[in-house]
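Chemist: Take a look and give me a structure for this.
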Amino acid sequence: MSLFAIRPIAPADDADVARIIRTVMPEFGAVGEGFAINDPEVDWMYRAYSAPRSAYFVVEVGGRVVGGGGVAPLEGGDADTCELRKMYFLPDARGLGAGRALIDRCLDAARAFGFKRCYLETLCGMDAAIRLYERTGFRRLPGPLGNTGHGGCNTFYALDL
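Modeler: The predicted model follows:
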């Protein structure tokens, strides 16, 4: 029996997901301009990820939402590239294997949407996340792709799907 469950986001999850994002990002110094914490969509994730070729999933432990992540077309990128977006976990949800399971679910969705490459942006210092991305096969890029608006990020990866 799994310690966690992964399911598509529902409208009732918006407040939990916003709280998780606004709790986790400051833990890694991701505050101020240029970070996803300021994206208006943080408060309405269900609606944002109801757009075409987009999906967001939440992770539950004991029926409580403790993390999430999604994929969507890369803003300002080519039509074959998606972005792994807003993947965050509360501290008590880390180390359960949920990160790998969630990233696999997101990449499966990306492939089903017809994407050929997945891009992501992160921060130096998010060491566990970076290890997960690299174990999943993401390759580090010398600079950003597209126009995500997240100028605060300083580490970039891509994966051929």
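Chemist: ok, the closest residue to Tyr88 other than its chain neighbours - contacts?
Modeler: Among residues not flanking Tyr88 along the chain, Val24 sits closest, at 4.2 Å (Cβ to Cβ, 6 or more residues apart in numbering). Placement of C-beta: from N, CA and C, glycine included. Contact analysis of Val24 by Cβ atoms under 8 Å, 6 or more residues apart in numbering lists Tyr88, Phe89, Leu90.
Chemist: Gly69 too?
Modeler: So Gly69 contacts Tyr56, Phe57, Leu84, Arg85, Lys86, Met87, Tyr88, Leu102, Ile103, Cys106 (Cβ under 8 Å, 6+ apart).
Chemist: out of those, who's nearest Tyr157?
Modeler: Tyr157 has its nearest neighbour among the contacts of Gly69 in Leu84, at 8.5 Å by Cβ to Cβ.
Chemist: Could you list the low-confidence segments of the protein?
Modeler: For the chain, the stretches flagged by pLDDT under 70 are 1-2, 26-39, 149-152.
Chemist: where along it do the strands fall?
Modeler: According to DSSP state E, the chain carries its strands in the segments 5-8, 55-61, 64-73, 81-89, 117-122, 139-141, 155-160.
Chemist: Out of those strands, which is closest to Asp43?
Modeler: Of all the strands of the chain, strand 81-89 sits nearest to Asp43, with 12.1 Å by Cβ to Cβ.
Chemist: Check the gap between Leu132 and Lys86 for me.
Modeler: Here the criterion is Cβ to Cβ, to the nearest Å. By it, Leu132 lies 15 Å from Lys86.
Chemist: So the two - more neighbours on which side?
Modeler: Lys86 (24 against 16; other Cβ atoms under 10 Å).
Chemist: from memory that one sits against Ile20, does it?
Modeler: No: if you go by Cβ atoms under 8 Å, Lys86 and Ile20 don't touch, sitting 9.2 Å apart.
Chemist: what residues are shared contacts of the two?
Modeler: Gly68.
Chemist: coming back round to it: out of the contacts of Gly69, the closest to Cys118 would be?
Modeler: Closest to Cys118, out of all of the contacts of Gly69 and judged by Cβ to Cβ, is Leu84, at 5.6 Å.
Chemist: Now do the contacts for that closest one.
Modeler: Contacts of Leu84 (Cβ under 8 Å, 6+ apart): Gly69, Gly70, Val71, Ile103, Cys106, Leu107, Cys118, Tyr119, Leu120.
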